[in-house]
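Student: Just need the structure, nothing else, for what follows:
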Amino acid sequence: MSEMIFKYIEKGISIEDDDFDEIYPDEIRPMAFTHFTPVEMAIKAAKFLVQKTGMRVLDIGSGAGKFCMIGSVCTDGHFTGVEQRDNLHEMAEEIFEKYKLKNIDFINSNITQIDFSDYDAFYFFNPFYENIIQFEKIDDLVDVETDLYDEYSNYVKNQLDKMPLGTRLVTFFSAYDEVPESYKLISKDDRQKISMWEKSTLP
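Tutor: The predicted structure is shown next:
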């Protein structure tokens, strides 16, 4: 089934996460439930963020690329994932090439090195949370510290605040520490822990 997984998503055929996650090797798959966006949520978020063809969406902390890959086949947007872990970045690149996906870029970098003005919309599945809930951290390959949660959240908040009116943001399992007051909550699903925002005022 994994060979057809992206064709199914493109055609609107419902996909279970266990089936999608078969595209990842055995050593990556165990982290999927906690750290990867569910297929249903990824589709919902991507369609909210991409309002017109060619919109540039940044996935903040893209892991092994699941959200970007799904977004690229269910919308007409261009998705960029930034991930600081080398192994997850490389895995995303390998899958991107294997399945000949389009409209995706993966950047191996820390979020503080990214200029948000290069993008139109943003997805945030709290990648900084492992700095304060360290028993849920992915691995020991990067430093995790409480101060880093504040540093990264404040950076994202300041960058989002500089964006133009109408900029869209989706947060998933977020404490909203990264969301500026200039963003208005458009919709919220407490059960699914997803919130959709739009910038409505200037700072």
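Student: ok, the most centrally placed residue in the chain - contacts?
Tutor: Nearest to the geometric centre of the chain sits residue 59, at 3.5 Å (C-alpha atoms, centre = their mean). For residue 59, the contact set (C-beta atoms under 8 Å, 6 or more residues apart in numbering) comprises 67, 68, 71, 79, 80, 81, 82, 123, 125. Every C-beta, even on glycine, is put in place using the N, C-alpha and C of the backbone.
Student: Regarding it, which helix or strand does it belong to?
Tutor: Taking DSSP states H and E as the criterion, residue 59 maps to strand 56-60.
Student: And residue 81, by the same measure?
Tutor: Per DSSP H and E: strand 78-83 holds residue 81.
Student: Pull out the buried positions in the lowest-mean-pLDDT helix or strand in the chain.
Tutor: Ranked by mean pLDDT, DSSP states H and E, the weakest helix or strand in the chain is helix 32-35, scoring a mean of 74. Neighbour counts over helix 32-35 (16 or more other C-beta atoms under 10 Å) mark 32, 35 as buried.
Student: distance of residue 30 from residue 16?
Tutor: The gap separating residue 30 from residue 16 is 17 Å, by C-beta to C-beta, to the nearest Å.
Student: still on that earlier bit, and the strand holding residue 81, what does it pack against?
Tutor: strand 56-60, helix 66-74, helix 86-98, strand 104-108 (3 or more C-beta pairs under 8 Å, 6 or more residues apart in numbering; DSSP states H and E).
Student: The same query, at a cut-off of 10 Å, please.
Tutor: In terms of contacts (3 or more C-beta pairs under 10 Å, 6 or more residues apart in numbering; DSSP states H and E), strand 78-83 is packed against strand 56-60, helix 66-74, helix 86-98, strand 104-108, strand 121-125.
Student: That one pairs with which strands, and in what direction?
Tutor: Here strand 78-83 is paired, per DSSP bridges, with strand 56-60 (parallel), strand 104-108 (parallel).
Student: so for it, what's the average pLDDT?
Tutor: Averaging pLDDT along strand 78-83 yields 98.
Student: orientation of that strand relative to helix 86-98 in degrees?
Tutor: Calculated by axes from the mean of the first three to the mean of the last three C-alpha atoms, to 10 degrees, strand 78-83 forms an angle of 150 degrees with helix 86-98.
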